[in-house]
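Engineer: I would like the atomic coordinates for the input below:
(one chain, ligands or ions: 4)
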Amino acid sequence: MSVDWLALEKKAKAWIYEAAGMVKQALANPIQIECKSNPNDLVTEVDRAIESFFYQKIQAEFPSHYFLGEEGIADELDSLTGTVWILDPIDGTMNFIHQKYNFAISLGIFHEGQGMIGLIYDVMNDELFHAVRDHGAYINNEAIVPVKERPLHESIIGLNAKWLIEEKNPYKNPLMALVRDVRSIRSYGSAAIEIAYVAADRLDGYISVNLSPWDYAAGIILLEEVGCKASTFRGEPLDFLSASTVIVGKPQLHKEMVSSYVGEEL
Ligand code: IPD
Ligand code: CA
Ligand code: CA
Ligand code: CA
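Structural biologist: Ligands and ions are numbered 1, 2, ... in the order given. Sure thing, here's the model as predicted:
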């Protein structure tokens, strides 16, 4: 049976807006915060409530679809067979807690391993970055115009500066060299928003030493629609079932960042 991806996008967008309303309402009251793997790895009741909201909607409407989300509401997945929804209920939880700003709901829908729908909603800025495979990428229904490349020394890269002082980071030196050579770096604290910004030409590239599939699943679909590239630091395709290094950017810049900086065998 063939799927109407534009109709599915419409439904997913409606759920995103509904979920965003719940998030904004939650911000009016004190929020319960918990630590996960370490004192800076935070989660709130709102992250869990939003994941549960989507899981229940999907189960009720598309019982044969699969679900992968950061907060572990569904069983773990071991393949991308069938239709898989990959959700980060709140990307940028630290911003959500500290700033009440700069966080997103990020939702990617895959079919037999191929990215079909990518939605990243910057809740407080009311910006929905959206794409359906082969139908282009948009911000609030405005088409994103394909952009020209800039040389590396004129590029602005999204990067968390913490990676530069982390002694255990095997990529410390290549990343320091890259930071030295680019025009500047930015850190917004939400991987999904930063990847969407690359697609929207607000950043030229974005790099992280460790991301999980829900951080980049939606963003990758946006990037593909505007001709940008995404891979691991070694230039390999991203895996949507396990964590990895991630480097995204305009095609030439992506190639140069991989070949001259982070792609080296360590
Ligand atoms: C985090 C954010 C952050 C990135 C971290 C992610 P979360 O996601 O995207 O920008 O640097 O690696 O884990 O935990 O807020 O969903
Ligand atoms: Ca998290
Ligand atoms: Ca995330
Ligand atoms: Ca999250």
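Engineer: quick check: buried residues in stretch 125-136?
Structural biologist: 128-133 (16 or more other Cβ atoms under 10 Å). Where C-beta positions appear, they are placed from N, C-alpha and C, glycine not excepted.
Engineer: do the same with stretch 44-59
Structural biologist: Quick answer for stretch 44-59 (16+ other Cβ under 10 Å): 44, 46-51, 53-55, 57-58.
Engineer: please flag which of those residues sit within helices.
Structural biologist: When DSSP state H is applied, the buried residues of stretch 44-59 are split such that 46-51, 53-55, 57-58 fall in helices.
Engineer: next, give me the two most distant ones among those residues.
Structural biologist: With Cβ to Cβ as the measure, no two of these lie farther apart than V46 and I58, at 18.8 Å.
Engineer: and the residue of the stretch 101-250 of the chain found nearest ligand 3, helix, strand or coil?
Structural biologist: As assessed by Cβ to the ion, ligand 3 sits closest to D215 within the stretch 101-250 of the chain, at 4.2 Å. Secondary structure, DSSP: H, G, I helix; E, B strand; the rest coil: D215 is helix.
Engineer: residues from this structure in reach of ligand 4?
Structural biologist: When proximity is defined as Cβ under 5 Å from the ion, the chain approaches ligand 4 at 70, 88, 90-91.
Engineer: in TSV, list the residues you listed along with secondary structure.
Structural biologist: TSV is the format used below for those (three-state DSSP):
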residue	secondary structure
E70	coil
D88	strand
I90	strand
D91	strand
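Engineer: could you identify the longest helix within the protein?
Structural biologist: Assigned via DSSP H, the chain shows its longest helix as helix 5-26.
Engineer: flag every buried residue along it.
Structural biologist: For helix 5-26, using 16+ other Cβ under 10 Å, the buried residues are 5, 8-9, 12-13, 15-16, 19-20, 23, 26.
Engineer: now the helices: where do they sit in the stretch 151-266 of the chain?
Structural biologist: If DSSP state H, counting those that start in this stretch is used as the criterion, the helices of the stretch 151-266 of the chain fall at 162-165, 172-181, 191-199, 213-225, 251-257.
Engineer: tell me which of those sits nearest to L119.
Structural biologist: helix 213-225 (5.7 Å).
Engineer: angle of the closest one against helix 191-199?
Structural biologist: Angle of helix 213-225 versus helix 191-199, following axes from the mean of the first three to the mean of the last three Cα atoms, to 10 degrees, is 10 degrees.
Engineer: before we move on, the earlier item: do you know the pLDDT at the residue of the stretch 101-250 of the chain closest to ligand 3?
Structural biologist: pLDDT recorded at D215 is 98.
Engineer: check contacts around it.
Structural biologist: For D215, the contact set (Cβ atoms under 8 Å, 6 or more residues apart in numbering) comprises 88, 91, 106, 191-192, 208, 246.
Engineer: now render the helices of the stretch 151-266 of the chain as CSV, adding distance to N141.
Structural biologist: Shown next, in CSV, are the helices of the stretch 151-266 of the chain (distance: least, Cβ to Cβ, whole Å):
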stretch, distance to N141
helix 162-165, 35
helix 172-181, 35
helix 191-199, 15
helix 213-225, 14
helix 251-257, 26
